[in-house]
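Student: Can you look at this prediction? I've put the sequence above it.
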Amino acid sequence: MSRTPLESLISALRGAPPVDADWFSVLEVANRSWMTPALFVALRDCGGLPGLPADARDYLAFIHERNRQRNLLLRGQLVETIAALNRAGIQPILLKGAGIIFTAVERDLGARMMSDLDLLVEEAEKPIADVVLAELGYLAAEGQHGVWRPQDAGMLELHGSRAVSAAYGSSIMDAANFSPATYDTAQARLPSSTLRALNLIVHDQIKEGDYWRGTLDLRHLHDLAQLAQMPQGIDWLRLAQVMRGRLQRNAFETQLLTLRELFEVPIPDDLCRRLVPRGQHWRRMVQIRHPRLAMPLRFAGAVAWLGRRVRTKNGPRFTATDLVPRVLRKLTQGRREVAEALMGVHLGPKL
């Protein structure tokens, strides 16, 4: 059975580029999933770049270098912000991409594409932090969560700890779950690799609806695979204790099954046996590998996700008379939905 472009991309990201890959289709998937710079780094490190067509190799190098330059700007913005918060007595916690570029070695700085910077502070510190950001010239972004400045490469989002404690329990904010990180004079804290994995899984599966839609965020799956390779690794059994509710546990184990199959990450067998997560994982793989089945499955998932958002009051509000036009629009969205179905990944970025 021939590989899909997504499967060829994942194989290359794991350091085993297929010899028969359609590299231009692979690049299309990499572009749409924000993985092009990471693909360059993976091929560079495994010696796979010479096997690519020259124009594909040159394109990868160009995108990687442009992203490296952007990440230099983002890191400068991050260091400036952290240093200002430090002067106010605050050591922020760096979430997702912010932690990656703050600690990345220069050789790997250009690997991760990102849209903004996420910082977490204690709830009592948030009013002070808001003042600090205002003094630095940050402005509220209209219609979005975050602040921005015209001269910066990306937005900044400042989160309070209350929502995190409410979602996972106050014990998740214990000091033992974080380690210090320094760049120049800026001092911040990094969540453990286990907590970073928890944040990524809940963000994608529940907050963004991947569990209902059967889609996946390849960039975050790649992040999870890299976290699992860190010296401290990921304590999957501890995460299973945190993800106690039925929905959370099903979503969590679905993500683990996908991570094991696509990136060959070792997962405890006890977390891979339950029927519902295995069924959800099967649906994901069908949507990736069988385009003809993907569209009805994705549409059913989109309807389920819409219903979830309406029930939890986190989504659009509409009356019964609005439902048919919305469904018709969903059925006729066209190229974007077809492309997503064929690739099994999101075309738009997530944080």
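Tutor: Yes, it's here.
Student: ok, and what's touching the strand or helix carrying Pro127?
Tutor: Element membership for Pro127, per DSSP states H and E: helix 126-135. Here helix 126-135 makes contact (C-beta atoms under 8 Å, 6 or more residues apart in numbering) with 81, 84-85, 87-90, 92, 119, 121, 147, 156, 158, 160. Placement of C-beta: from N, CA and C, glycine included.
Student: Rounded mean pLDDT for that helix, please.
Tutor: Mean pLDDT, helix 126-135: 96.
Student: burial measure for the closest residue to Ala42 other than its chain neighbours, as a count.
Tutor: Among residues not flanking Ala42 along the chain, Leu13 sits closest, at 4.8 Å (C-beta to C-beta, 6 or more residues apart in numbering). By the criterion of other C-beta atoms under 10 Å, Leu13 has 24 neighbours.
Student: again with the one 4 residues further on
Tutor: Look at Pro17: counted by other C-beta under 10 Å, it has 22 neighbours.
Student: For the stretch 1-150 of the chain, just list every one of the helices.
Tutor: 5-13, 23-32, 36-46, 54-87, 97-103, 126-135 (DSSP state H, counting those that start in this stretch).
Student: Which strands or helices does the shortest one pack on?
Tutor: Contacts defined by 3 or more C-beta pairs under 8 Å, 6 or more residues apart in numbering; DSSP states H and E place helix 97-103 against helix 54-87, strand 116-121, strand 178-183, strand 186-191.
Student: can you tell which of these is closest to Ala104?
Tutor: Distance to Ala104, taken as C-beta to C-beta, is lowest for helix 54-87 among these, at 7.8 Å.
Student: What angle do strand 116-121 and the helix holding Pro127 make with each other?
Tutor: Angle of helix 126-135 versus strand 116-121, following axes from the mean of the first three to the mean of the last three C-alpha atoms, to 10 degrees, is 140 degrees.
Student: Only the buried residues of helix 126-135, if you could.
Tutor: For helix 126-135, a neighbour-count test (16 or more other C-beta atoms under 10 Å) marks Lys126, Ala129, Asp130, Val132, Leu133 as buried.
Student: For it, what is the distance to the chain centroid?
Tutor: Relative to its parent chain, helix 126-135 has a centroid offset of 27 Å by C-alpha atoms, centre = their mean, to the nearest Å.
Student: same thing with stretch 14-31?
Tutor: 20 Å.
Student: May I see the buried residues of that stretch?
Tutor: Pro17, Pro18, Ala21, Trp23, Ser25, Val26, Leu27, Glu28, Val29, Ala30.
Student: got it, and stretch 292-312?
Tutor: Ala294, Met295, Leu297, Arg298, Phe299, Gly301, Ala302, Trp305, Leu306, Arg308.
Student: Show me how far it is from its chain's centre.
Tutor: Distance, stretch centre to chain centre, for stretch 292-312: 20 Å (C-alpha atoms, centre = their mean).
Student: Remind me which helix or strand the residue positioned nearest the centre of the chain belongs to.
Tutor: The centre of the chain sits closest to His220, judged by C-alpha atoms, centre = their mean, with a distance of 3.4 Å. Using DSSP H and E, His220 falls within helix 218-228.
Student: That helix - what's its average pLDDT?
Tutor: 96.
Student: which parts of the helix or strand following it are buried?
Tutor: As assigned by DSSP H and E, the chain's next helix or strand after helix 218-228 is helix 236-242. For helix 236-242, a neighbour-count test (16+ other C-beta under 10 Å) marks Trp236, Leu239, Ala240, Val242 as buried.
Student: For Thr182, state which of these is nearest.
Tutor: Once C-beta to C-beta is applied, the member of the buried residues of helix 236-242 that ends up nearest Thr182 is Leu239, at 27.7 Å.
Student: which ones are touching that closest one?
Tutor: Contacts of Leu239 by C-beta under 8 Å, 6+ apart are Thr194, Ala197, Leu198, Ile201, Phe252.
Student: list the contacts for Val265?
Tutor: Applying C-beta under 8 Å, 6+ apart to Val265 gives the contacts Leu224, Ala225, Ala228, Leu259.
Student: go with 6 Å
Tutor: By C-beta atoms under 6 Å, 6 or more residues apart in numbering, the contact set of Val265 is Ala225, Ala228, Leu259.
Student: ok, back up a step: what sits up against the helix holding His220?
Tutor: Contacts of helix 218-228 (C-beta under 6 Å, 6+ apart): 33-35, 193, 196-197, 200, 204, 234, 259, 263, 265, 345.
Student: With distance to Leu216 added, can I get the helices of the stretch 1-150 of the chain in CSV?
Tutor: Output for those, formatted as CSV (distance: least, C-beta to C-beta, whole Å):
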stretch, distance to Leu216
helix 5-13, 9
helix 23-32, 12
helix 36-46, 15
helix 54-87, 22
helix 97-103, 18
helix 126-135, 32
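Student: Including distance to Cys46 and neighbour count, could the contacts of Val265 go into TSV?
Tutor: Listed next are the contacts of Val265 as TSV, based on distance: C-beta to C-beta, whole Å; neighbours: other C-beta atoms under 10 Å:
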residue	distance to Cys46	neighbour count
Ala225	15	19
Ala228	18	17
Leu259	20	24
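Student: What lies in contact with stretch 18-31?
Tutor: Applying C-beta under 6 Å, 6+ apart, the set of residues contacting stretch 18-31 is Pro5, Leu6, Ser8, Leu9, Ser11, Thr36, Leu39, Leu52, Ala56, Met343.
Student: I appreciate the help and will end here.
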